[in-house]
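> Have a look at this prediction, sequence included:
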Amino acid sequence: MNAKDAIFEGKLFGSMRPDHERNMELALREAATAFAADEVPVGCVITHPDMGVIAAAHNQREQLQDPTAHAEMIALTQAAAALKTWRLDDCTLYVTLEPCPMCAGAVVQARVPVIVYGCPDPKAGACDTLYQIPTDPRLNHRCQVIGGVLADRCAAVLSDFFREKRRLGKK
Ligand code: ZN
C-alpha cells in the first residue's frame with residue numbers, strides 16, 4: 001500500500017476506531033460523576049495522540065453556578081493548561097451529548113480537529129441537529145464531527161437523570 005492509500009485508509013476507518021468507544025467510556029464515567037453530584041450528566045474527555053487523555057470533566061453548572069461550566073468548556077481549559085497552549089491542534093474531544101452552540105463554538109476556537117459525541121441533543125445540538133457549527137463553511141475553521149458513539153448509553157444516563165428528577169418533583 002502506498003502512502004496516499006494509507007492516509008485514505010486511516011480516514012476511511014477513522015470513524016470506527018476502537019479508541020472512540022474506549023474514550024467515550026471515560027466520558028461516560030465523567031457523566032456518572034455529574035449524576036452523583038446532581039448535575040445534568042454530561043461528561044467529556046480530550047485526548048492527544050502522544051499524551052493520551054489530557055482532560056476529563058463533567059458538567060458543573062450547579063456546583064459552580066456558572067452558565068459556561070459545561071463539560072466541554074471545562075475540558076478545553078484543562079487541555080489547554082496541559083499543553084500550555086490554547087491551540088489544541090492534534091486533539092480529539094469526546095463528549096456524551098452533542099455539543100450546544102457555546103461548546104461547539106469553543107471547540108472550533110480551540111482548533112480541535114475532531115469532535116466525537118454520543119447521543120444527539122434535539123433541544124440544543126449544534127453539531128448536527130439544530131446547527132452545524134463545526135462544519136459550517138462560512139466559519140474560518142472547521143472540525144470533523146463523528147456522532148453516535150455509544151449513543152444509547154449516553155442517552156440512557158440523561159433519561160435516567162431526568163426521570164429521577166421528575167419522580168422527586170424537582171425539574
Ligand atoms: Zn455546551
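Sure, I can see it.
> What helix or strand is residue 152 located in?
Using DSSP states H and E, the element containing residue 152 is helix 151-167.
> and that helix, how far out from the chain's middle?
18 Å (CA atoms, centre = their mean, to the nearest Å).
> Please identify the buried residues of it?
Buried residues in helix 151-167, defined by neighbour count with 16 or more other CB atoms under 10 Å: 151, 154-155, 157-158, 161. Backbone N, C-alpha and C define where each C-beta goes, glycine included.
> Run the chain-centre distance for the longest helix seen in the chain.
The single longest helix within the chain, with elements called by DSSP state H, is helix 18-36. Chain-centre distance of helix 18-36: 10 Å, with CA atoms, centre = their mean.
> hang on, the earlier thing: quick check, nearest of the buried residues of helix 151-167 to the ion?
Nearest to the ion out of these is residue 158 (CB to the ion; 13.5 Å).
> That closest one: what's its closest spatial neighbour, skipping adjacent residues?
Take residue 158 and drop its neighbours on the chain: the residue closest to it by CB to CB, 6 or more residues apart in numbering is residue 41, 6.1 Å away.
> can you tell me how far that neighbour sits from residue 87?
Between residue 41 and residue 87 the computed distance is 30 Å (CB to CB, to the nearest Å).
> Which parts of the protein are strands?
43-48, 52-58, 92-97, 114-119, 144-146 (DSSP state E).
> which of those strands sits most buried?
Looking across those with neighbours counted as mean count of other CB atoms under 10 Å, the highest average goes to strand 92-97: a mean of 29.
> taking the mean pLDDT, what do you get for stretch 40-50?
Mean pLDDT, computed over stretch 40-50, is 97.
> CA atoms only for it, dumped as PDB, please.
Extracted C-alpha coordinates of stretch 40-50, given in PDB (Å, rounded to 0.1, in the frame of the first residue of the first chain):
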ATOM      1  CA  VAL A  40     -27.100  17.100  34.400                       C
ATOM      2  CA  PRO A  41     -25.000  14.100  33.500                       C
ATOM      3  CA  VAL A  42     -22.700  15.100  30.600                       C
ATOM      4  CA  GLY A  43     -19.100  14.000  30.500                       C
ATOM      5  CA  CYS A  44     -16.100  14.900  28.300                       C
ATOM      6  CA  VAL A  45     -12.600  13.800  27.700                       C
ATOM      7  CA  ILE A  46      -9.900  15.200  25.400                       C
ATOM      8  CA  THR A  47      -7.100  13.100  24.000                       C
ATOM      9  CA  HIS A  48      -3.800  13.900  22.500                       C
ATOM     10  CA  PRO A  49      -2.000  11.400  20.100                       C
ATOM     11  CA  ASP A  50       1.200  11.400  22.200                       C
END
